[in-house]
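Q: 3D model of this:
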Amino acid sequence: MSEVSSEMQAALQAAGIPDIDVDQPLARSTPPATFRLVRTWVLDTTAELRALRAEIHEAVTGHVGEILTGGVPERVVLVASELATNALRYGIPPTQVSLLADGTTYLLDVEDRAVDRQPVLAAARQHGEGGFGLYLARRLALQVGWYTDGTSKHVWATFLADEV
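A: Predicted structure coming up:
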C-alpha cells in the first residue's frame, strides 16, 4: 500500500474515519423487519446514478428540484449513490436500490447478486483512489450492515426520518 499523505490522514481523522492499514470486513447484520417499501430502482450502469439521486431526494422530501447539501435527505442520497456505485462496480447485476420507511426511520437497501463478496471497509488510500463509500455510509447513517438471503447480498443503512 502506498503511504497516505499527512493531509489525507488529517482529513480522515476529522471525518471520524479510523487510521487503518488493512482492509476490514463490514459487520454482518440484518435490519429490523418493521419497514415498508417506499420505492425500488433497478440499475444497470453508473449512468443511472444521477436519476437515482434525484428520485431518492424526491421520495424522501416530496419535492422535485435541486439537491442541497446537509440534512437527512442529502445524507440518504449520498449514501445511496455510494452503495449503488459499489454494487455496480464490485457486485453482480442486477443492482437494486430500495428505500423503505417505518414512520420514524428510513432504510436504504442496496442489493446485488455477489453473495460470495463481502463488503469491505477499505484501508486508507491516497486521494483519488476511492474506497471511502462504506466509511461515508458509516459516518452519515445511524446503522450500516449487510447480509445475504441466499441469492442476493444486501448492504443497508438507516437514517432518522424526523430530521427531514
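Q: Check the offset of the longest helix seen in the chain from the chain's centre.
A: When the chain is parsed with DSSP state H, its longest helix is helix 71-90. The chain centre lies 4 Å from the centre of helix 71-90; the measure is C-alpha atoms, centre = their mean, to the nearest Å.
Q: Can you name every helix or strand that it contacts?
A: strand 36-43, helix 49-61, strand 95-101, strand 105-112, helix 133-140, strand 153-160 (3 or more C-beta pairs under 8 Å, 6 or more residues apart in numbering; DSSP states H and E). From N, CA and C alone the C-beta is placed, and that goes for glycine too.
Q: Could you check the angle it makes with strand 105-112?
A: Helix 71-90 and strand 105-112 are oriented at 10 degrees to each other (axes from the mean of the first three to the mean of the last three C-alpha atoms, to 10 degrees).
Q: which residues touch residue 29?
A: Shown in contact with residue 29 (C-beta atoms under 8 Å, 6 or more residues apart in numbering): 143, 145-147.
Q: Which ones among these map onto strands?
A: 143, 145-147 (DSSP state E).
Q: Residue 155: which of the residues you listed is nearest?
A: residue 146 (4.6 Å; C-beta to C-beta).
Q: That closest one: what's it in contact with?
A: 26-29, 118-119, 153-156.
Q: Understood, closing this out.
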